[in-house]
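Colleague: let me see the structure of the following:
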Amino acid sequence: MVIKLENNNVSIKGKDVSVLIVTTGSTARKFADDIILSGKRVEVSESSFLVANPGEYEIKDVFVYALDTNESDEANIFSVLLEDVQVVYLNADTSEIDKSIVGQIGEDHILIMDFADDKNLDKRLKLVSDFDPAVFIPVTQDDTLAKKIANELGTDLPERESKLKYSDTDFTDDEQSMAIALLSK
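Modeller: As a prediction, the model looks like this:
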């Protein structure tokens, strides 16, 4: 799978399917990927499947678990199982999650968190340790905030990359330490 930013949204492309996660900083108006994940109603093409409400979905052999932890009817957490890789996305408004929900989601290989600003940064970074992913991808174009996130997590700030490639074989070592990755526009 390949993960990259498109119009400030997170694009996850598998061999036969594309998933787009609409972020807080989205600049797109209409979406045409196979599966669109958004906590808000957005305009999608006729061939796209929009997941905006909490629930469990199976679309084109992709399993999506959409959750609402902010007491609304809009999903703020998406768990995506694509090509045997579990990707969890938390939107910019998510700062607290009950541990039982983290347990329900299960093992996540990649955790992607949207950072619009440094509001509730301590609480949000605690979620990183709660999920304990193999790879953590903070979505922010603010280099100062990215550096602050890396410092708080006790790691060096990696170089931004235009795309990240992963497969299920990248996540076979249970004892590996968490890596941080940054995406460029």
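Colleague: OK, contacts around Gly106?
Modeller: Shown in contact with Gly106 (C-beta atoms under 8 Å, 6 or more residues apart in numbering): 79, 86. Just so you know, the C-beta spots here come from the backbone N, C-alpha and C atoms, and that holds for glycine as well.
Colleague: output the below-cut-off pLDDT ranges for the protein.
Modeller: Scanning the chain for pLDDT under 70 picks out the ranges 175.
Colleague: what residue in it is the furthest from its centre?
Modeller: In the chain, counting by C-alpha atoms, centre = their mean, Glu46 sits farthest out from the average C-alpha position, at 24.2 Å.
Colleague: name the element that residue belongs to?
Modeller: Taking DSSP states H and E as the definition, one finds Glu46 inside no helix or strand.
Colleague: Thr155 now?
Modeller: In the assignment (DSSP H and E), Thr155 maps to no helix and no strand.
Colleague: still on that earlier bit, quick check on the residue farthest from the centre of the chain: phi, psi?
Modeller: Dihedral pair for Glu46: phi -60, psi -30, per degrees, to the nearest 10.
Colleague: what's the distance between it and Asn9?
Modeller: 19 Å (C-beta to C-beta, to the nearest Å).
Colleague: likewise for Ser48?
Modeller: Going from Ser48 to Asn9 by C-beta to C-beta gives 13 Å.
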